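Novice: Provided below for reference: sequence and predicted model.
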Amino acid sequence: MKNNIFVLNKSFYTRLDVLQISKELLGKYIVTNIDGQRTVGMIVETEAYRAPDDKACHAYTNKRTERTEVMFREGGAAYVYLCYGIHHLFNVVTAEMNIAHAVLVRAIEPIEGVDIMLKRRKFTDNKPSLTNGPGKLCVALGIKTIFSGVSLTESLGVIYIEDRGTIIAPSQIVAGPRVGIFGAKESRFWDWRFRIKDNPWTSKPNIVRYED
DNA sequence: AAGAGGATGAACT
DNA sequence: GTTCATCCTCTTG
């Protein structure tokens, strides 16, 4: 079985369909080697962001700033940023150079190094609230903003993603809305959040009132 | 130079 | 259900 495991390489990340990549990342395994500690989690929930037309994307209208610059890189890098001054959020940069697409990893199922994750989160029990949110999983995996820009395609790197042969059928994928505090524009209604159906390690679905 | 606000989470009532 | 912690980035002046 070991020979069925491989690290996702450039050709996985550089494709142009970020929605497809978001769905394919479900069932893949994030591996981190941070502070000398190895932790692994299976991705169970993702969210797509796509400049220039996606209003929720930091690089909306292809705006380049010091922070968003990494999103314009060739696919296969990490984009980590600080939200609300507290939470580190981990994204995968996709598409070709100068096309700012990314996938936010929103929830994982702990696989290896659970004891390390528990210690980082100050938890005693392994339960869904350990990793069922984008800020939570970054704490559990040890991911911080200092890792923004690192390559995800090195098998000896600090962060990389593995295919272990897990197949998530389309019928097992549930799509839903992302956060929606945007103007009357369409992007708030795009169902660009993807989760593995009935997986207990996903976060709470976002509720959007379509009538307003 | 200053201020607003955000791809959230935890701790409340 | 509500509040607020906390700080970086971007916009404005």
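Specialist: Everything's here; your move.
Novice: show me the shaky parts of chain A.
Specialist: A:1-2, A:180-188, A:207-212 (pLDDT under 70).
Novice: what are the boundaries of the strands in it?
Specialist: Shown for chain A, the strands assigned by DSSP state E span residues A:6-7, A:29-34, A:37-50, A:78-83, A:87-94, A:101-112, A:159-163, A:173-176, A:193-196.
Novice: using TSV, please lay out the ones you listed together with mean neighbour count.
Specialist: Bear in mind the C-beta positions are built from the backbone N, C-alpha and C, glycine included. Written out in TSV, the entries for the strands of chain A read as follows (neighbours: other Cβ atoms under 10 Å):
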stretch	mean neighbour count
strand A:6-7	14
strand A:29-34	20
strand A:37-50	24
strand A:78-83	18
strand A:87-94	24
strand A:101-112	23
strand A:159-163	20
strand A:173-176	16
strand A:193-196	23
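Novice: quick check: the spatially most central residue of chain A vs DNA strand C, distance?
Specialist: What sits nearest the mean C-alpha location of chain A, by Cα atoms, centre = their mean, is residue A:105, with 1.8 Å. The gap separating residue A:105 from DNA strand C is 20 Å, by Cβ to the nearest atom of the strand, to the nearest Å.
Novice: same check on residue A:192?
Specialist: Per Cβ to the nearest atom of the strand, residue A:192 is found 21 Å from DNA strand C.
Novice: was I right to think that residue contacts residue A:19?
Specialist: Yes. Contact criterion Cβ atoms under 8 Å: residue A:192 and residue A:19 qualify, at 6.6 Å.
Novice: which among the strands of chain A is found nearest to DNA strand B?
Specialist: Ranking those by their distance to DNA strand B (criterion: Cβ to the nearest atom of the strand) puts strand A:101-112 first, at 3.3 Å.
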